[in-house]
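Asker: got a predicted structure here, sequence first:
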Amino acid sequence: MSKPVAKPQVFAIMRNGHEVIRGAMVDLDSFVAAHDVSGFATLWAELHRWEGLHAQMEDGRAGVAQGMFAMLESNFPGCTEALNGNHNDMEENASKVTIALEAGDFEQVKAAFASFAEQNLDHLTQEEGVMMPKVKALAEK
């Protein structure tokens with residue numbers, strides 16, 4: 001009997017990253033409800049850093065790595081067109097949360113976060129709808 005070899009699915013890493021984001025969003029909502037500015041600010045900084053790394057995994061980073069979207073595009077041309085620019089739009093919205101935190105305006109933080117949260121959760125669902133079937137198709141090749 002041959003030794004079993006791990007066969008990680010590339011999207012499993014991305015999907016698990018999405019669950020980390022979803023979990024942090026729930027925790028941030030709890031901080032908002034409790035009006036816990038310190039807890040929110042700490043977790044927001046961590047989530048923002050994680051989102052940046054996660055976006056690089058998907059978009060790639062010039063001179064470092066191609067990224068998930070480019071890999072899928074090379075196998076399924078046009079499949080990620082609807083996702084192009086989404087991370088930039090989300091970063092713009094995330095900046096509004098950070099600016100409100102820095103200004104000490106928690107009411108504005110709540111409003112900015114609500115907008116970001118809706119956009120972010122919709123984005124994760126959209127990505128999964130595009131990428132999961134394509135990764136499955138690649139695995140079946």
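Answerer: Perfect, thanks for sending it. Numbering: from 1, shown residues only.
Asker: ranges for the helices of this structure?
Answerer: Taking DSSP state H, the helices of the chain run over residues 10-33, 37-59, 68-75, 86-103, 106-140.
Asker: got a list of what the most centrally placed residue in the chain touches?
Answerer: Closest to where the C-alpha atoms of the chain average out (Cα atoms, centre = their mean) is Glu51, at 5.0 Å. Residues in contact with Glu51 (Cβ atoms under 8 Å, 6 or more residues apart in numbering) are 21, 90-91, 94, 120. Heads up, the C-betas are built off the backbone N, CA and C, glycines and all.
Asker: please redo it, this time with the cut-off set to 10 Å
Answerer: Neighbouring residues of Glu51 by Cβ atoms under 10 Å, 6 or more residues apart in numbering: 17, 20-21, 24, 87, 90-91, 94, 116, 120.
Asker: which one of these is nearest Gly60?
Answerer: Minimum distance to Gly60 across the contacts of Glu51 is 11.0 Å, recorded for His87 (Cβ to Cβ).
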